[in-house]
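Undergrad: Can you look at this prediction? I've put the sequence above it.
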Amino acid sequence: MKKLSFWAKANPKQSRVMIALAHVFTGVNALVLGGLFYFGDFDVSRWPLLIFANIFFLSFFLYPLKEQASGLFRNSYLKRKTLDFLLVFSAGMTLAFGVNHFLSVSEPLLQLPEGKAKLIVHKTIPEKELKSDFSVKKELRQKSRQLRQNIKAEIKELKREFKKQHNEDGRDNLIKALLIILTITVAVTLGFLVAALSCNLSCSGYEGLAVVTLILGWGGIVWLGIIAIKNILRKVGQGRKNPSADPLG
């Protein structure tokens, strides 16, 4: 492994191409694996998806800084390689289980047998229920408005971070681009899962809950994704910029 690291250091261009191709290969294999799980009737719960997604983000935020000698982000060869493995493995499994879960929840909840029987239901909505629906819609609008304001503020902050990174080292920019692409991929996968869950709720007759799930779910994913990208822009390359800084303050 160390010989491979030395070769990558001596051949930066070739190593970057290999890393990019490895990311693409891992992503495609994860998507195929998720599809094979589904077509093989190997349905899994949402918990493995959440666990591997949390492992990925935790490994990223704990990744050591290059010039850090002590503290939580202390740099060591063993720690770097362990977290590298966890990042790649957890990202691949998150995609695989995400595809499997998305295909599973996209199926109809009920498959009714063929028949000629018809069931007609006439429902009268009492005044109290109408008032409660109105209050739910009002609360949903308030939450949606607040979420939009938070997202706009985060986007403005993200623009400022991009402007600060204009003159950075090319290697840092490549690493940041790969991490941002991976973050967006995870966010899109989670967005598909939220959409599928909302669709199932709507088909089951819970239209109000489906709308709440879709709006707040997508808004939350976008907000968290922006925060993750901001952390990527701030953290990657920080150790090389301040090699003489005291890690303890």
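TA: Received the coordinates, thanks.
Undergrad: When you work out contacts or count neighbours from here on, use the C-alpha atoms and nothing else.
TA: Noted.
Undergrad: tell me the secondary structure for Ile181?
TA: Three-state call for Ile181 (DSSP: H, G, I helix; E, B strand; the rest coil): helix.
Undergrad: If you could redo that for Leu21, that was the one I meant.
TA: For Leu21, the assignment made with three-state DSSP gives helix.
Undergrad: Quick one: residues contacting it.
TA: Leu21 makes contact with no residue, according to C-alpha atoms under 8 Å, 6 or more residues apart in numbering.
Undergrad: quick one: it from Leu201, how far?
TA: 39 Å (C-alpha to C-alpha, to the nearest Å).
Undergrad: okay, now Ala10: neighbour count?
TA: Counted with other C-alpha atoms under 10 Å, residues neighbouring Ala10 total 11.
Undergrad: Report how many residues lie close to the closest residue in space to Phe192 that isn't next to it in sequence.
TA: Nearest non-adjacent residue to Phe192, counting by C-alpha to C-alpha, 6 or more residues apart in numbering: Phe102, 6.8 Å away. As a burial measure, Phe102 scores 24 neighbours (other C-alpha under 10 Å).
Undergrad: so Phe102 touches Val188, yeah?
TA: No. Judged on C-alpha atoms under 8 Å, Phe102 makes no contact with Val188 at a distance of 11.6 Å.
Undergrad: any idea where the helices of the chain begin and end?
TA: 2-10, 12-39, 46-61, 77-105, 127-164, 170-203, 207-235, 238-241 (DSSP state H).
Undergrad: Check which helices and strands the fourth one is in contact with.
TA: Here helix 77-105 is seen to pack against helix 12-39, helix 46-61, helix 170-203 when contacts are counted using 3 or more C-alpha pairs under 8 Å, 6 or more residues apart in numbering; DSSP states H and E.
Undergrad: Quick one: mean pLDDT over the last one.
TA: It stands for helix 170-203. Taken as a whole, helix 170-203 has a mean pLDDT of 75.
Undergrad: so that helix versus helix 77-105, what angle?
TA: In terms of direction (axes from the mean of the first three to the mean of the last three C-alpha atoms, to 10 degrees), helix 170-203 departs from helix 77-105 by 30 degrees.
Undergrad: Name the residues of helix 170-203 that come out as buried.
TA: Going by neighbour count (16 or more other C-alpha atoms under 10 Å), the buried part of helix 170-203 is 173, 175-176, 179-180, 183-184, 186-201.
Undergrad: do the same with the first one
TA: Within helix 12-39, the residues that qualify as buried are 15, 23, 26-27, 29-35, 37-38, counting by 16+ other C-alpha under 10 Å.
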